[in-house]
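Chemist: Make a model of this:
(one chain, ligands or ions: 1)
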Amino acid sequence: MRSVYDYYTLANGQRIPCLGFGTYNAKKGDNLAIIRDAIVAGYRYFDTASLYETERVLGQAIQESGIDREQFFIVSKLWIDERGYEEAKKAIERTLERLQTDYLDLYLIHWPRETEEDTDWKEKNLETWRALEELCEAGKVKGLGLSNFLPHHAENILENCKISPVVDQLEIHPGYTQEAAVRYCEENDIRVQAWSPLGRSSMLENPILKEYARKYNKSVAQICLRFLLQKGIIPLVKSSTIERMKQNQDIFDFKISKEDMSIINNMPQNTWLGEHPDFAIPKKKSNFAQ
Ligand code: A2P
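Modeler: As a prediction, the model looks like this:
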């Protein structure tokens with residue numbers, strides 16, 4: 001990979017840029033300005049979701065940019081309460097309307113199950129997937145994917161689908177590498193995307209990573225992003241300043257050595273920053289993780 005415009009080819013033949021911009025919790029009230037800056041900074045791959053409430057401003061920023069829709073790679077997700085065959089079909093219409101577009105590059109199921117008590121989650125996800133497959137066949141969605149699905153959640157889809165998921169979006173950063181889930185995705189031709197690649201900025205003061213930042217003459221954020229890039233994982237990075245947006249793209253002119261990759265891979269692990277899909281009991285949307 002030589003720039004943010006370089007891409008991987010997904011299992012369905014789609015090309016996906018190797019670095020994306022996350023719009024979750026783009027600083028409150030200023031989402032439009034942040035996304036406008038991100039387009040100016042050069043990002044074309046934008047990750048959103050109905051949960052984030054950034055679809056409308058993303059659509060507006062894209063329209064205002066004057067850049068062709070085809071130049072963008074737009075990913076959105078349906079939320080837990082939008083699962084189900086009928087609900088999913090309505091959810092995408094709302095998403096497309098807010099984004100002012102007639103197709104998504106990828107559409108993901110955002111979260112595999114609602115609560116520990118959500119015992120019919122397998123069936124619910126399959127009904128949802130059936131709707132997503134039809135949307136794909138109708139051309140409203142170019143590819144389908146998962147988000148926060150661990151191997152046992154993904155297996156239910158893989159064993160019963162006509163159209164396979166091509167991505168899974170997971171919380172991944174140095175210190176939280178989810179090796180088992182990543183291995184499962186690799187074995188099943190599912191490209192992994194990382195949300196919170198900087199650990200919601202918690203990794204920025206990590207002494208091990210600070211040492212590597214000094215060694216490679218880069219920032220800790222750049223070490224985190226380069227680490228993921230070298231693992232073939234797509235980081236979805238967020239920032240509210242144009243300087244950091246640009247800095248986060250400046251990761252293509254150095255390489256972390258094999259030994260240092262191994263040390264970072266095996267550094268002490270910290271816990272899941274968001275909720276765990278099998279054990280969280282979200283009370284309301286605003287409490288929820290990405
Ligand atoms: P800011 O918006 O002030 O740039 P994550 O994507 O892991 O959830 O982390 C997001 C956080 O990381 C944001 O608070 C963002 O703050 C911060 N951030 C993003 N890029 C950088 C960078 N290059 N240097 C320092 N902080 C960064």
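Chemist: and the host helix or strand of residue 136, average pLDDT?
Modeler: Following DSSP states H and E, one finds residue 136 within helix 121-137. What helix 121-137 shows for mean pLDDT is 97.
Chemist: Okay, buried residues for that helix please.
Modeler: 121-122, 124-125, 127-129, 131-136 (16 or more other C-beta atoms under 10 Å). Where you see a C-beta, it was placed from the backbone N, CA and C, and this is true even at glycine.
Chemist: these two touch, right, residue 133 and residue 162?
Modeler: Yes. Between residue 133 and residue 162 there is a contact at 5.4 Å, judged by C-beta atoms under 8 Å.
Chemist: who's in contact with the helix holding residue 136?
Modeler: 78, 83-89, 92, 107, 109, 112-114, 118, 141-144, 153, 156-157, 160-163 (C-beta atoms under 8 Å, 6 or more residues apart in numbering).
Chemist: With stretch 55-68 instead?
Modeler: Counting by C-beta under 8 Å, 6+ apart, 23, 31-32, 35-36, 39, 44, 46, 48-49, 69, 72, 74, 76, 95, 98-101 sit against stretch 55-68.
Chemist: Produce a ChimeraX select command limited to the buried residues of the residues you listed.
Modeler: Provided next is the ChimeraX selection string for whichever of the contacts of stretch 55-68 are buried by 16+ other C-beta under 10 Å:
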select :23,31,32,35,36,39,44,46,48,49,72,74,76,95,98,99,101
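Chemist: May I ask which two of the buried residues of helix 121-137 are separated the most?
Modeler: Using C-beta to C-beta, these span at most 21.6 Å, a distance reached by 121 and 136.
Chemist: quick one: residue 89 and the ligand, what's the gap?
Modeler: 31 Å (C-beta to the nearest ligand atom, to the nearest Å).
Chemist: what's the helix or strand harbouring that residue packed up against?
Modeler: For residue 89, the element it lies in under DSSP H and E is helix 85-99. Judged by 3 or more C-beta pairs under 8 Å, 6 or more residues apart in numbering; DSSP states H and E, helix 85-99 is in contact with helix 55-65, strand 73-78, strand 104-109, helix 121-137.
Chemist: nearest to residue 222, of those?
Modeler: Nearest of the helices and strands packed on helix 85-99 (C-beta to C-beta): strand 73-78, 22.0 Å.
Chemist: so how far is that closest one from its chain's centroid?
Modeler: 9 Å (C-alpha atoms, centre = their mean, to the nearest Å).
Chemist: Equivalent analysis for stretch 39-51, please.
Modeler: On C-alpha atoms, centre = their mean, the centre of stretch 39-51 falls 10 Å from the chain's centre.
Chemist: same check, this time on stretch 48-60
Modeler: For stretch 48-60, the distance to the chain centre is 14 Å (C-alpha atoms, centre = their mean).
Chemist: cool, stretch 37-48 as well?
Modeler: Centre to centre, stretch against its chain (C-alpha atoms, centre = their mean), the figure for stretch 37-48 is 14 Å.
Chemist: okay, it in PDB with CA atoms only?
Modeler: Taking Å, rounded to 0.1, in the frame of the first residue of the first chain, the C-alpha atoms of stretch 37-48 are listed here in PDB:
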ATOM      1  CA  ASP A  37     -12.300  18.900   6.400                       C
ATOM      2  CA  ALA A  38     -11.900  15.200   6.000                       C
ATOM      3  CA  ILE A  39     -12.900  15.400   2.400                       C
ATOM      4  CA  VAL A  40     -10.400  18.300   1.900                       C
ATOM      5  CA  ALA A  41      -7.800  16.300   3.700                       C
ATOM      6  CA  GLY A  42      -8.200  13.600   1.000                       C
ATOM      7  CA  TYR A  43     -10.400  10.900   2.700                       C
ATOM      8  CA  ARG A  44     -12.900   9.200   0.300                       C
ATOM      9  CA  TYR A  45     -13.800   6.200   2.400                       C
ATOM     10  CA  PHE A  46     -16.300   7.200   5.100                       C
ATOM     11  CA  ASP A  47     -17.800   4.900   7.700                       C
ATOM     12  CA  THR A  48     -21.100   5.900   9.200                       C
END
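Chemist: which residues touch that stretch?
Modeler: In contact with stretch 37-48 (C-beta under 8 Å, 6+ apart) are residues 4-5, 16-17, 19-24, 35, 54-55, 58, 61-62, 65, 67, 71-77, 99, 169, 193, 195, 236, 241-242, 245-246, 249.
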